[in-house]
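Chemist: Sequence plus predicted model, see below.
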Amino acid sequence: MENGAVYGPTTEEDPGPARGARSGLAAYFSLGRLPLRRLALKALQLLLSLLAFICEEVVSQCTLCGGLYFFEFISCSAFLLSLLILIVYCTPVYDQVDTPKVKQSDFYLTAGTGFVFLLASIIFISTHDRTKAEIAATVFGFLASIMFLSDFVIMFFERRQESQMRKPEAARSAGALTEPLNA
């Protein structure tokens, strides 16, 4: 049993630490599902909505608190929704769900979040007490809403372009259906 007699010919050697660029948790993340421009927009949405939420949380007192509370809810929701959609795009969850449904959810979530975040920023800027934290929160809120809305516009034009590319195919197949069978 000495000198390695314990190891049979079918026993594999210890492979040691994983070698290569993608090991551990990094093996589960894929940044290639989104074009670089959209990935950058998603990352900016996440970062700016988080910064807006943090700056809003620093506010210690308010005169008209309704705008502050609405902005707090929207900025936190925007951060969590953008984190969720980024996780879906960058993990194996994307492979488990229907791709058109992910894209459709992303389209509507981005549009809704962008418009409501813009509204919350407008309401908050009209009711705040002009402290530095409130001003910073509204600036980050406006920037985040611009990122959400620009991502929505990009997705809108991509969808429109895809539907226009499908129309000629539909017209050709419809023309084939209207021809007589005995011609």
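Modeler: Nice, thanks for sending it over. Numbers count the residues shown, from 1 in each chain.

Chemist: packing partners for the longest helix anywhere in the chain?
Modeler: Ranked by residue count, the top helix of the chain under DSSP state H comes out as helix 132-178. In terms of contacts (3 or more CB pairs under 8 Å, 6 or more residues apart in numbering; DSSP states H and E), helix 132-178 is packed against helix 36-58, helix 65-90, helix 99-127. Backbone N, C-alpha and C define where each C-beta goes, glycine included.

Chemist: can you tell which of the ones you listed is closest to residue 159?
Modeler: With CB to CB as the criterion, residue 159 lies closest to helix 99-127 of the helices and strands packed on helix 132-178, at 7.1 Å.

Chemist: what is the orientation angle of that closest one with helix 132-178?
Modeler: Angle of helix 99-127 versus helix 132-178, following axes from the mean of the first three to the mean of the last three CA atoms, to 10 degrees, is 150 degrees.

Chemist: what pLDDT, on average, does helix 99-127 get?
Modeler: Mean pLDDT, helix 99-127: 95.

Chemist: do the same with stretch 70-86
Modeler: Average pLDDT, stretch 70-86: 96.

Chemist: What lies in contact with that stretch?
Modeler: Contacts with stretch 70-86, where a contact means CB atoms under 8 Å, 6 or more residues apart in numbering, come from 42-43, 45-46, 49-50, 52-53, 56-57, 105-106, 109-110, 113, 116-117, 119-121, 123-124, 137-138, 141, 144, 148.

Chemist: related to what we said a few turns ago, how about the helices and strands packed on helix 132-178 in TSV, adding distance to residue 166?
Modeler: Listed next are the helices and strands packed on helix 132-178 as TSV, based on distance: least, CB to CB, whole Å:
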stretch	distance to residue 166
helix 36-58	21
helix 65-90	24
helix 99-127	13
